[in-house]
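**Student:** Quick one: sequence and predicted model below, then my questions.
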Amino acid sequence: MTTSAPAGAPPAPRKTPKARAWKLPIRLDRRYLPVLGTFVVLALMLIIGGTRYENFLTPAVISNLFINNAHLIVLAVGMTFVILTGGIDLSVGSVLALSTVITAALLQAGWPVAVVLPLAVGAGTVIGLAHGVMIHYFQVQPFVATLAGMFFARGLCFLIAPESIAIDNASFVELATWVQIFGEWRMTSSVLVALIVVGLGFLVLHFTRFGRTVYAIGGGEQSALLMGLPVPRTKVLAYVVSGTCAGLGGLLFAMAFRSGYSLTGVGMELDAIAAVVIGGTLLTGGTGFVLGSVLGVLVLGLIQTIITFEGTLSSWWTKIVIGVLLLIFVLLQRVLSLRRT
Amino acid sequence: MTQQTTPPVVEMTGISVEFPPVKALDGVDFSLRPGEIHALMGENGAGKSTLIKALTGIHSPTAGTIRVDGVERRFSGPADARAHGVSTVYQEVNLCENLTVAENIMLGAEPRVLGGLNWRAIRRQAATHLERMGLDIDPASSLGSHSLAVQQLVAICRATVGDCKVLILDEPTSSLDTDEVERLFTVMRGLRADGVAILFVSHFLDQVYEVSDRMTVLRNGTLVGEYVTADLPAAELVQHMIGRSMDVLEAAEEVLEQAERPAETTPLLQVVGLGRKGSVQPFDLDLYEGEVVGLAGLLGSGRTELARLLTGADRADVGQARVSGRPTRLRNPRAAMRHRIAYTSEDRKGEGVVDGLTVRENIVLALQAERGWMRPLPRKQVDELVARYIKQLGIRPANPEALLRNLSGGNQQKVLLARWLATAPRLLVLDEPTRGIDVGAKAEIQKLVAELAADGMSVVFISAELEEVLRISHRIAVMRDRRKVAEIDGGGATMDQVVDLIAGGGAA
Ligand SMILES: Nc1ncnc2c1ncn2[C@@H]1O[C@H](COP(=O)(O)OP(=O)(O)OP(=O)(O)O)[C@@H](O)[C@H]1O
Ligand SMILES: [Mg+2]
């Protein structure tokens, strides 16, 4: 046996070559496993759908997947920030509705688009800021603070407009119907916005100090504080990001349906949370990726698509499948984190 | 000496900190000069960590002034202190396990290009810092995958990033092995030569004497005095710290000497070929009643991992275990507890204490869990039990209703120990039970362990401090590279012999 190992030499030198072999293609870190899992599920669903139904794996269907879920992608990006800090934002569905209502009402009153759009998004920003302040400075539980925000925003919707308001402003319609066509692929303005948001979210999380502090807070708020990181500012900003995304999501929703209605987006916060969790982000914070959340949204959207293609199934099956998937993913994460320790 | 003439970089005068009704600090003066290593000494709960936190703005003093570089300051928190060149490594490791080593080192001070983080530079700079500390780990690995000791060194790396005039290390060596301590001291001496002022807290007197230039002693939140290390004999230092002479320590020594190795019977716990992939290679071990078995080995040699297998904290994938001769599977800690096997974890913060509960609740936690939640312990019995351990271990404040998070580090450790003692186990596995515990209490705990063994308990004692293991054990199992390499008789073993085995020189 090798008795000549010097004191303090790292044990098990055999491990190194193996680790290096793993490194070569991409660094297959444990952290990427949940996202990879989501990716596999998505791929499986595409394959199953593609073999079961004709016209499933077509550019038109895939394009529609993005078009129909653009607003949810934006919500999920914002939600990812909040969940990464270990918080939650229950208000995004209501804030989205508020944004659609503000857009529709102001356009109806004849305000110019250039003023209305920032106002609608800004409403979300302000509500997010209020959440952040309540949560950090007044130590209100995120669940409770954003629950209050949820009721508040929904109430505000009814105050502004109890009935659905159609949008016929010419420049808004023009914006909404803008589309870029590449062969059979279509990209609408809302998809473009969603993709930009995803790109920005990714850059901010991985290439700014703010983004890294978000992760650090999720890893341990007390530690982050003692490490001298700007915890208060970062936590508040995470909710501002989520609120802003919800406001923007509302705009995309208004563009899609050309109307503002106080009852839109009921329960949509739960879709966003589900997408984030299915995308591999831990609800306890600190681990997860924006791109995972996008995959999560696509999985949700694809379930819907498959059930539409099936034709005979009730749309409630969507909920059942989402429920089952959520359970599987949470269990998977549990197993992964158990194996780590 | 030129040091006497340099003006202090940190000067604290008349500092008082109160946590009503406790007065944690009462008019304490403290000064720190550039280019010195200054030890802050005192018993558990003397107020060392509190003084540090008062300086860095975590606690606000009710009285007193703080001057840094001659300017009066009250920092708003660690970030503010750091911005003024005061970096701190707090008593518990405070890093983010979900991030990589490189990120933990550079977080908040990352190099940037075009407004975005420059990941290449982050890794490169982190690697330089790691190298200076002599740490050979991948900066891109996740922090959580490393042992507590490595995490501690990473925390120190982090503190030295950037412009650091004052470096505060609160018990940095409590989870380190001799080698790492030496490495740390080399780094500290290097920084001292660069003019950095270092504040160092440790309960290891030999380390303090090895590395420090001056020391300040606190007792019960008041200043005892400031001394030049070279002029203060250790006995006198201890007297200053505990307010009485060394008698206690000697009394402990006596009990230990009386303790004899018991006659062999059936082992209480016998394991054959027990092992777990990637953790410990298969090993045999017999544990008898009335015997203290010490585990010696370097950090990462598998000491803790072995203990975790013995107590079901980790599940073995090969090998058998017998309890009193009967084959058993120790699948989880509960199963082990049914056989009256208890384990105190080395990771006090992560696995041990519940800091939102009171001292009383923490002490009875394991005992209550064992009885089941349906049968609460009679309150009177609880109070008696708690009072006994508070007295026996000298837990301070001696208030059963104090919240654990408000106790000093060493006192939290004592509560953890009390929790497992309260279950009256037949086999008690103690992983670093004296970490962060002051000299007086350490002797008390060693004495207690010897007494428990004399009463028939079987004890496994793990400690990075070799003298302690040698002193207290009937038998010593030596670990190296995640293998049990030798088992020797504790009575006749010498320090050199064990060191040889640990290093691999004298192995069979
Ligand atoms: N947040 C708090 N609330 C109430 N009491 C506290 C708080 N923090 C510390 N104390 C008390 O102040 C006293 C000093 O504690 P401190 O942590 O400074 O001790 P220490 O000298 O660092 O001890 P150790 O060597 O055990 O780390 C203790 O009695 C402790 O219980
Ligand atoms: Mg302390």
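**Tutor:** Okay, I see it. These figures come from a predicted structure and were not determined experimentally. Ligands and ions are numbered 1, 2, ... in the order given.

**Student:** Every contact and neighbour count from this point should use C-alpha atoms.
**Tutor:** Fine.

**Student:** Can you list the low-confidence ranges for the stretch 401-508 of chain B?
**Tutor:** Along the stretch 401-508 of chain B, segments meeting pLDDT under 70 span B:505-508.

**Student:** Provide the secondary structure category for residue 286.
**Tutor:** Here I'm looking at chain A. Of the three states, residue A:286 takes coil according to DSSP: H, G, I helix; E, B strand; the rest coil.

**Student:** Chain B is the one I meant
**Tutor:** strand.

**Student:** contacting residues around it?
**Tutor:** Contact analysis of residue B:286 by CA atoms under 8 Å, 6 or more residues apart in numbering or on different chains lists B:267-271.

**Student:** Check residue A:327 too.
**Tutor:** So residue A:327 contacts nothing (CA under 8 Å, 6+ apart).

**Student:** picking that back up, just the contacts of residue B:286 now: which is nearest chain A?
**Tutor:** residue B:271 (22.9 Å; CA to the nearest CA).

**Student:** how about the nearest residue to that closest one, chain neighbours excluded?
**Tutor:** Closest residue in space to residue B:271, ignoring its immediate chain neighbours: residue B:321 at 4.3 Å, by CA to CA, 6 or more residues apart in numbering or on different chains.

**Student:** other SSEs contacting the helix or strand hosting the one you found?
**Tutor:** Assigned by DSSP states H and E, residue B:321 belongs to strand B:318-323. In terms of contacts (3 or more CA pairs under 8 Å, 6 or more residues apart in numbering or on different chains; DSSP states H and E), strand B:318-323 is packed against strand B:269-276, strand B:326-328.

**Student:** Figure out which of the ones you listed is closest to residue B:468.
**Tutor:** Closest of the helices and strands packed on strand B:318-323 to residue B:468 is strand B:269-276, at 23.4 Å (criterion: CA to CA).

**Student:** Pairing partners for the closest one, with directions?
**Tutor:** strand B:280-287 (antiparallel), strand B:318-323 (antiparallel) (DSSP bridges).

**Student:** avg pLDDT for the last one?
**Tutor:** Model confidence over strand B:318-323 averages 88 on the pLDDT scale.

**Student:** Now the residue nearest the centre of chain A. Nearest residue, chain neighbours left out?
**Tutor:** What sits nearest the mean C-alpha location of chain A, by CA atoms, centre = their mean, is residue A:76, with 1.2 Å. Leaving aside its chain neighbours, residue A:76 sits nearest to residue A:272 (4.9 Å; criterion: CA to CA, 6+ apart).

**Student:** Got the phi and psi for the one you found?
**Tutor:** phi -60, psi -40 (degrees, to the nearest 10).

**Student:** One more: residue B:487?
**Tutor:** Dihedral angles (degrees, to the nearest 10) for residue B:487: phi -140, psi 120.

**Student:** so how far is chain A from it?
**Tutor:** For residue B:487, the distance to chain A (CA to the nearest CA, to the nearest Å) stands at 16 Å.

**Student:** Name the helix or strand for residue A:187, please.
**Tutor:** Residue A:187 belongs to strand A:185-188, assigned by DSSP H and E.

**Student:** hmm, back to that, does the residue nearest to the centre of chain A really touch residue A:278, like I thought?
**Tutor:** No: in this structure, residue A:76 is not within contact of residue A:278 by CA atoms under 8 Å, at 11.0 Å.

**Student:** what is in contact with those two at once?
**Tutor:** Joint contacts of residue A:76 and residue A:278 (CA under 8 Å, 6+ apart) are residue A:293.

**Student:** Tell me which residues touch residue B:461, please.
**Tutor:** By CA under 8 Å, 6+ apart, the contact set of residue B:461 is B:292-295, B:429-433, B:469, B:473.

**Student:** returning to what we had before: in the strand holding residue B:321, what's buried?
**Tutor:** Under the neighbour-count criterion of 16 or more other CA atoms under 10 Å in any protein chain shown, strand B:318-323 has B:320-323 buried.

**Student:** picking that back up, redo the helices and strands packed on strand B:318-323 as TSV? Include mean neighbour count.
**Tutor:** Shown next, in TSV, are those (neighbours: other CA atoms under 10 Å in any protein chain shown):
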stretch	mean neighbour count
strand B:269-276	20
strand B:326-328	14
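
**Student:** Those: which one's closest to ligand 1?
**Tutor:** strand B:269-276 (33.7 Å; CA to the nearest ligand atom).

**Student:** any idea how far the residue nearest to the centre of chain A lies from chain B?
**Tutor:** Separation of residue A:76 from chain B (CA to the nearest CA): 21 Å.

**Student:** give the contact list for that residue.
**Tutor:** Contacts of residue A:76 (CA under 8 Å, 6+ apart): A:272-273, A:275-276, A:293-294, A:297.

**Student:** Find the nearest non-adjacent residue to the most centrally placed residue in chain B, please.
**Tutor:** The residue lying closest to the centre of chain B (CA atoms, centre = their mean) is residue B:435, at 3.2 Å. Once flanking residues are discounted, residue B:435 sits nearest to residue B:174: 5.6 Å by CA to CA, 6+ apart.

**Student:** what about chain A, any weak spots by pLDDT?
**Tutor:** Residues of chain A that meet the cut-off, pLDDT under 70, sit at A:1-30, A:336-341.

**Student:** Which residue ranges of it form helices?
**Tutor:** In chain A, the helices defined using DSSP state H lie at A:15-23, A:33-52, A:59-84, A:92-108, A:113-137, A:142-160, A:170-177, A:189-207, A:209-219, A:221-226, A:231-257, A:268-278, A:290-310, A:316-340.

**Student:** Same list (the buried residues of strand B:318-323) but as CSV, adding distance to ligand 1.
**Tutor:** Shown next, in CSV, are those (distance: CA to the nearest ligand atom, whole Å):
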residue, distance to ligand 1
B:320, 40
B:321, 37
B:322, 38
B:323, 36
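
**Student:** So which of those residues is the closest to residue A:325?
**Tutor:** Nearest member of these to residue A:325, counting by CA to CA, is residue B:320, at 39.4 Å.

**Student:** Confirm for me that the closest one is in contact with residue B:275.
**Tutor:** No: counting by CA under 8 Å, residue B:320 does not reach residue B:275; the two are 9.3 Å apart.

**Student:** What residues sit buried inside the strand holding residue A:187?
**Tutor:** In strand A:185-188, counting by 16+ other CA under 10 Å, buried: A:186-188.

**Student:** Let me see the domain layout of chain B.
**Tutor:** B:2-244, B:245-340+B:428-508, B:349-424 (automatic domain parsing).

**Student:** Could you tell me the least trusted of these?
**Tutor:** domain B:245-340+B:428-508 (a mean of 81).

**Student:** need the contact list for the residue nearest to residue B:291 when sequence neighbours are not counted.
**Tutor:** In space, and not counting its chain neighbours, residue B:291 is closest to residue B:458: 5.1 Å by CA to CA, 6+ apart. Shown in contact with residue B:458 (CA under 8 Å, 6+ apart): B:268, B:287-292, B:426-428.

**Student:** Residue B:321 now?
**Tutor:** If you count contacts by CA under 8 Å, 6+ apart, then residue B:321 has B:269-272, B:274, B:327-330 around it.

**Student:** and what of residue A:117?
**Tutor:** Going by CA under 8 Å, 6+ apart, residue A:117 touches A:103, A:251.

**Student:** Next: residue B:464.
**Tutor:** B:175-178, B:296-299, B:432.

**Student:** so which strand or helix has it?
**Tutor:** Residue B:464 belongs to no helix or strand, assigned by DSSP H and E.

**Student:** I'd like the distance between it and residue A:109.
**Tutor:** 76 Å (CA to CA, to the nearest Å).

**Student:** Could you do residue B:12 as well?
**Tutor:** For residue B:12 relative to residue A:109 (CA to CA), the value is 65 Å.

**Student:** Comparing these two, which shows the higher neighbour count?
**Tutor:** residue B:12 (21 against 9; other CA atoms under 10 Å in any protein chain shown).

**Student:** buried sites along the one helix or strand the more buried one maps to?
**Tutor:** Following DSSP H and E, one finds residue B:12 within strand B:10-19. Residues of strand B:10-19 classed as buried: B:10-18 (neighbour count, 16+ other CA under 10 Å).
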